[in-house]
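**Student:** A structural model of the following input is requested.
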Amino acid sequence: MQGFQSHTGVMMPLLRDNVDTDVIIPSREMRTVSKTGLLEGLFAPWRYLQVDERVPNTDFPMNQSSFNGASILLAGTNFGCGSSREHAVWALMEAGFRVVIAESFATIFFNNALRNGLLPVALSREALIDLMEWCAIDPQVHRPTVDLQTGTVEAGHQQIMFEMASDARTMLLSGLDEIGLTEQNRDAIETFENQDRQRRPWIYLDQR
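**Tutor:** Numbers count the residues shown, from 1 in each chain. Now for the predicted structure:
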């Protein structure tokens, strides 16, 4: 997993509430079990006027030149609700997104994001609107910087703080999933197992 320290990029606004995973990547677009091959299906119901023919909807920000190369997504409340499909995170990352800023996230989407190196940042609605208005002046020039080390989103002279649980922050900074994070304590785990084997040998199978 790619670690996350700090990122500056074009921000694409999608300030809608309850964006579910079947809109992020519809089931009909999930034609692969890998983390790639999902890009064209990202936001397909909104991105295309005719999905099968891939006729672009020019009102959707992904189809507007102002947001070319967008790597920060600005959304509303309860982003990533619906089914638990990890493909939603994979599709966003394949499109180049490294950060999703929203008022709140569905729990499973939030955890899937952490496991794949996509940073979910929760901010107030007021902060979201301020960010959107600042970036709207010229999205290619007004690029916010999201810094996980300092827990800040910088937009011009504005600095907005955000919070993240220490374990989640460590996972992203180090590029580790839960298993990798646990393996950081391998020596302590082995010490405990060896001591416990001496205390309670009857519960261990002889695997040596």
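**Student:** Determine the longest helix present in the chain.
**Tutor:** Criterion DSSP state H: the longest helix present in the chain is helix 186-199.
**Student:** what mean pLDDT would you report for that helix?
**Tutor:** The pLDDT scores in helix 186-199 average 77.
**Student:** By mean pLDDT, which helix or strand of this protein comes out lowest?
**Tutor:** helix 178-183 (a mean of 62; mean pLDDT, DSSP states H and E).
**Student:** Straight-line length of stretch 143-156, end to end?
**Tutor:** 8 Å (C-alpha to C-alpha, to the nearest Å).
**Student:** mind checking the SS state of residue 89?
**Tutor:** Reducing the assignment at residue 89 to three states with DSSP: H, G, I helix; E, B strand; the rest coil gives helix.
**Student:** That one: how many residues sit nearby?
**Tutor:** Residue 89: 28 surrounding residues under other C-beta atoms under 10 Å. Every C-beta, even on glycine, is put in place using the N, C-alpha and C of the backbone.
**Student:** Per-residue pLDDT of it, please?
**Tutor:** 97.
**Student:** State the distance from the residue nearest the centre of the chain to residue 97.
**Tutor:** Note on the chain: the residue nearest the mean C-alpha position is residue 118, at 3.2 Å, using C-alpha atoms, centre = their mean. From residue 118 across to residue 97, the span is 7 Å (C-beta to C-beta, to the nearest Å).
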